[in-house]
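Chemist: sequence isn't available, so here's the structure alone:
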């Protein structure tokens, strides 16, 4: 049973930084894709960044140049470093995994954390 637990959210002023963490547990051997998604009130969940087992990375246009996704396999932890935050980055942020297609579409992901709130003012 795959479990994901996010942390690191909070309130920050525009231009500031946050680092989100996601501890993963309970998975079995296999090829996974890992991603960060976000959802603002009244909006659909959107992909922010994904990273494959082979460390191929893809970012949403809104994240390019500001956010960095990384993974520490030894710690079973996924990270999202967010710099130069803007008010439009305010959302609940979720980490997720899948063994299916690896892209920025939320519907392709099977396992989700509970989310961590990021508020930029």
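Modeler: Received, thanks. Everything numeric in this text was worked out from a predicted model, so none of it was measured.

Chemist: SS state for the most centrally placed residue in the chain?
Modeler: Per Cα atoms, centre = their mean, the C-alpha nearest to the average position across the chain is that of residue 36, at 1.8 Å. Following DSSP: H, G, I helix; E, B strand; the rest coil, the label given to residue 36 is strand.

Chemist: now do residue 102
Modeler: coil.

Chemist: for it, give me its contacts.
Modeler: Shown in contact with residue 102 (Cβ atoms under 8 Å, 6 or more residues apart in numbering): 33, 35, 50, 52, 56, 108. Yep, even glycine has a C-beta here, placed from its N, CA and C like the rest.

Chemist: could you rerun that using 6 Å?
Modeler: By Cβ atoms under 6 Å, 6 or more residues apart in numbering, residue 102 lies in contact with 33, 50, 52.

Chemist: buried ones among these?
Modeler: Buried residues within the contacts of residue 102, counting neighbours by 16 or more other Cβ atoms under 10 Å: 33, 50.

Chemist: of the contacts of residue 102, which belong to helices?
Modeler: With DSSP state H as the criterion, helices contain none of those.

Chemist: which one among the contacts of residue 102 gets closest to residue 95?
Modeler: Among those, residue 50 lies closest to residue 95 (Cβ to Cβ), at 10.5 Å.

Chemist: who does that closest one bridge with?
Modeler: Taking DSSP bridges as the rule, residue 50 bridges to residue 35, residue 58.

Chemist: surely it meets residue 32?
Modeler: No - in this structure, residue 50 is not within contact of residue 32 by Cβ atoms under 6 Å, at 10.6 Å.

Chemist: give me the distance between the closest residue in space to residue 25 that isn't next to it in sequence and residue 26.
Modeler: In space, and not counting its chain neighbours, residue 25 is closest to residue 3: 5.0 Å by Cβ to Cβ, 6 or more residues apart in numbering. Applying Cβ to Cβ, to the nearest Å, the value for residue 3 to residue 26 is 5 Å.
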